[in-house]
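# build me a model:
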Amino acid sequence: MEKNIINKVTRVVKSLLPFYLLTLLLVFSSCSDEDYLGGHYVTDGEGALMNVTAEINAQIAPELAWQEGDIIGIATGYGAYDPTARNREYSCLTDGKTFKQTTDYPIYIKGATNIVAYYPFIGSDGAEPAITLNTQDQNNITDYLFAKVENVMPQNGGNVHLVFDYALARLQIAITVPAGETIKSYRLTGFAQQATVDPYTLDMTYEAPEDLVATGDNIRVISMKLIPQTIAADAAVPAKLILVGTIRSYVIDMSGVELVGGELKQATVDVTSGVGTLEFVPTGAPWTDSGVGGVVNSN
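Okay, the predicted model is just below:
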């Protein structure tokens, strides 16, 4: 009887052996595919190797163009919680528009996905990057470029064309002051000066607003690079631009301002009367002093 039990156990083990071997084979091949395909597991050879071309179309920096050796970072994923390709390095070739993967881990397209890219490249290939925008020091800002293509499919042969734009917004304000007045400094309040960027969606998480302060001998034009954001009228920290002159100071209400990445907003501020208001026109027209009073205050 003991011999019969041993024979039965042997037969069961033999019958299960192919299953275990197949399981191990799938595990090892899955890991291999994930490593080689930049994190995208491809079943039965599905998917298309991603071929990348890119251009820069930046309104506020039209002189920008790709140079050979420029490296962009690309990330993509399938679904909200599936960032399966992380921070892959793609380098610009001699034609100034074609990009190739710099390591042995290119991205394959296996289904509908979004392709997100940024420049300049940070971190290391395959490791999720920590992209942060910081405009606190206006003389020391990383000028990121961002691009995103939605609903990329393998049916197009993996061809992806990325159009990069400037990540930050620019705000330029020309100031007209009374005779004898000299603006010596300004303070911008209520605007976030730091934000982290999701490398798979380009969504931003803002830090608390910080004051932006600058000084000068005779300020007539203020030009700032700022993080894209919309300032609520009832924000906890009021959005204001304070001009400090040798005669008086001027407080300008900046609530309701919308800053868009890659766009230049221009304003004209006339404080010769000491009072007035500053209206924002959403269509993109310049700001001008309406003269109705109540918002620009002199002290």
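# quick one: distance of stretch 103-118 to the chain centre.
Its chain's average C-alpha position is 17 Å from that of stretch 103-118, according to CA atoms, centre = their mean, to the nearest Å.
# okay, buried residues for it please.
Buried residues in stretch 103-118, counted by 16 or more other CB atoms under 10 Å: 105, 106, 107, 108, 109, 110, 113, 114, 115, 116, 117, 118. All C-beta atoms are positioned from the backbone trio N, CA, C, and that covers glycine.
# endpoints of it, how far apart?
Taking CA to CA, to the nearest Å, the first and last residues of stretch 103-118 lie 18 Å apart.
# residue 262 belongs to a helix?
No - checked against DSSP: H, G, I helix; E, B strand; the rest coil, residue 262 lies outside a helix; its state is coil.
# from residue 70, how far out is it?
18 Å (CB to CB, to the nearest Å).
# can you check residue 202 too?
Counting by CB to CB - residue 202 and residue 70 are separated by 19 Å.
# which regions of the chain sit below the pLDDT cut-off?
1-46, 78-84, 157, 274-299 (pLDDT under 70).
# tell me where it has helices.
For the chain, applying DSSP state H gives helices covering 2-36.
# dump the residue contacts of the residue nearest the centre of the chain.
Residue closest to the mean C-alpha point of the chain, counted by CA atoms, centre = their mean, is residue 202 at 4.6 Å. By CB atoms under 8 Å, 6 or more residues apart in numbering, residue 202 lies in contact with 116, 146, 148.
# now the last one, nearest residue through space, not along the chain?
Closest residue in space to residue 148, ignoring its immediate chain neighbours: residue 116 at 5.1 Å, by CB to CB, 6 or more residues apart in numbering.
# now that neighbour, which residues is it bridged with?
Per DSSP bridges, the residues bridged to residue 116 are residue 75, residue 148.
# okay, the residue nearest to the centre of the chain and residue 66: tell me how far apart.
For residue 202, the distance to residue 66 equals 20 Å [CB to CB].
# quick one, strands of the stretch 101-250 of the chain?
Ranges of strands within the stretch 101-250 of the chain are 108-109, 113-119, 131-134, 145-152, 159-166, 169-176, 183-189, 194-197, 204-206, 212-215, 221-226, 229-230, 240-245, 249-253, based on DSSP state E, counting those that start in this stretch.
# so which of those is the most surrounded?
strand 108-109 (a mean of 24; mean count of other CB atoms under 10 Å).
# strand partners (parallel or antiparallel) of it?
Strands that pair with strand 108-109, judged by DSSP bridges, come out as strand 48-49 (antiparallel).
# next, count neighbours for the residue nearest to residue 92 when sequence neighbours are not counted.
Distances taken as CB to CB, 6+ apart place residue 70 nearest to residue 92, at 4.3 Å, with adjacent residues excluded. By other CB atoms under 10 Å, 19 other residues sit near residue 70.
# what's the answer for residue 247, then?
13.
# contact partners for it?
By CB under 8 Å, 6+ apart, residue 247 lies in contact with 178, 180, 181, 182.
# which residues touch the closest residue to the first one other than its chain neighbours?
If the residues on either side of it in the chain are set aside, residue 178 comes closest to residue 272, at 4.8 Å by CB to CB, 6+ apart. Residue 272 is in contact with 176, 177, 178, counting by CB under 8 Å, 6+ apart.
# again with residue 139
So residue 139 contacts nothing (CB under 8 Å, 6+ apart).
# quick check: it vs residue 225, distance?
Residue 139 is 10 Å from residue 225, by CB to CB.
# for residue 73, same thing?
Distance from residue 73 to residue 225, counting by CB to CB: 21 Å.
# ditto for residue 267
From residue 267 across to residue 225, the span is 15 Å (CB to CB).
# same deal with residue 182?
According to CB to CB, residue 182 and residue 225 sit 25 Å apart.
# one more: residue 169?
7 Å.
# next one: residue 187
Distance, residue 187 to residue 225, using CB to CB: 17 Å.
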